[in-house]
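Asker: The sequence and its predicted three-dimensional model are supplied below.
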Amino acid sequence: MEGGDDGDAGPPHQVRRLVLHGTRGVVSRCRDFTAEALADWGWLPADGEEAAERVEDVLLLVSEVVTNACLHAGGPEEFVLLRHGDGGLRVEVSDASPEHPRVRAARSPALPGGHGLMVLDRLAGAWGSRDKGAGAVGKVVWLEVGGPPVGARGARE
């Protein structure tokens, strides 16, 4: 799902931002930042196997988009989490590269690397990218996932 509109899940209920520099340690830093936000928002501790899998999916998606920014765009500049009123989550990673993600030709799943966009396609409810806008160079890669499954703990404020 390249380019195009970046969706509108309604106004965010809560926003968390992390300014980043370089590539060293940023993947684990963004995963930890996300895990802390998910705990604050009631996703953790997960209530049941399905809820635990959803959290693991979110952390894997974060790893993929941040790693892609490190490998293909000189590193992320900002990492943003937006929690919507319906419990859904939006992740945004901005970088200085004007090159948008492109799906590569299919390759064997047994080969390492090159599967990040396939992971986004399978696990995210939606994903895409957009130019930063307002004369800024670079792009924002975004993804959205639904909230924790019914039966998961209520969100804490």
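Answerer: Yep, it's here. Numbering: from 1, shown residues only.

Asker: Every contact and neighbour count from this point should use C-alpha atoms.
Answerer: Noted.

Asker: Identify the bridge partners of the most centrally placed residue in the chain.
Answerer: For the chain, the residue nearest the mean C-alpha position is residue 91 (3.7 Å; Cα atoms, centre = their mean). For residue 91, the beta-bridge partners are residue 81, residue 143 (DSSP bridges).

Asker: Could you do the one 4 residues further on as well?
Answerer: Residues found in beta-bridge contact with residue 95 (criterion: DSSP bridges) are residue 76, residue 139.

Asker: For this protein, give me the ranges with low pLDDT.
Answerer: Applying pLDDT under 70 to the chain flags the ranges 1-12, 104-115, 150-157.

Asker: Need the contact partners of the helix ranked longest in it.
Answerer: Ranked by residue count and defined by DSSP state H, the top helix of the chain is helix 49-72. Contacts with helix 49-72, where a contact means Cα atoms under 8 Å, 6 or more residues apart in numbering, come from 22-23, 26-28, 30-31, 34-35, 38, 43-44, 46, 75-76, 91, 93, 95, 116, 119-120, 123-124, 141, 145, 148-149, 152.

Asker: isn't residue 147 right next to residue 87, touching?
Answerer: Yes. If you go by Cα atoms under 8 Å, residue 147 and residue 87 touch, sitting 4.4 Å apart.

Asker: so what sits against both of these two?
Answerer: With Cα under 8 Å, 6+ apart applied, the contact sets of residue 147 and residue 87 do not overlap.

Asker: all strands of the chain, in order?
Answerer: All strands of the chain, identified by DSSP state E, fall at 12-19, 76-84, 89-95, 126-133, 136-145.

Asker: In JSON lines: those, plus distance to residue 61.
Answerer: Converted to JSON lines, those look like this (distance: least, Cα to Cα, whole Å):
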{"stretch": "strand 12-19", "distance to residue 61": "17"}
{"stretch": "strand 76-84", "distance to residue 61": "12"}
{"stretch": "strand 89-95", "distance to residue 61": "9"}
{"stretch": "strand 126-133", "distance to residue 61": "10"}
{"stretch": "strand 136-145", "distance to residue 61": "8"}
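
Asker: Find the one among these with the highest mean neighbour count.
Answerer: Neighbour counts (mean count of other Cα atoms under 10 Å) averaged over each of the strands of the chain peak at strand 89-95, with a mean of 24.

Asker: got a list of contacts for that one?
Answerer: 62, 65-66, 69, 73-84, 132, 138-147.
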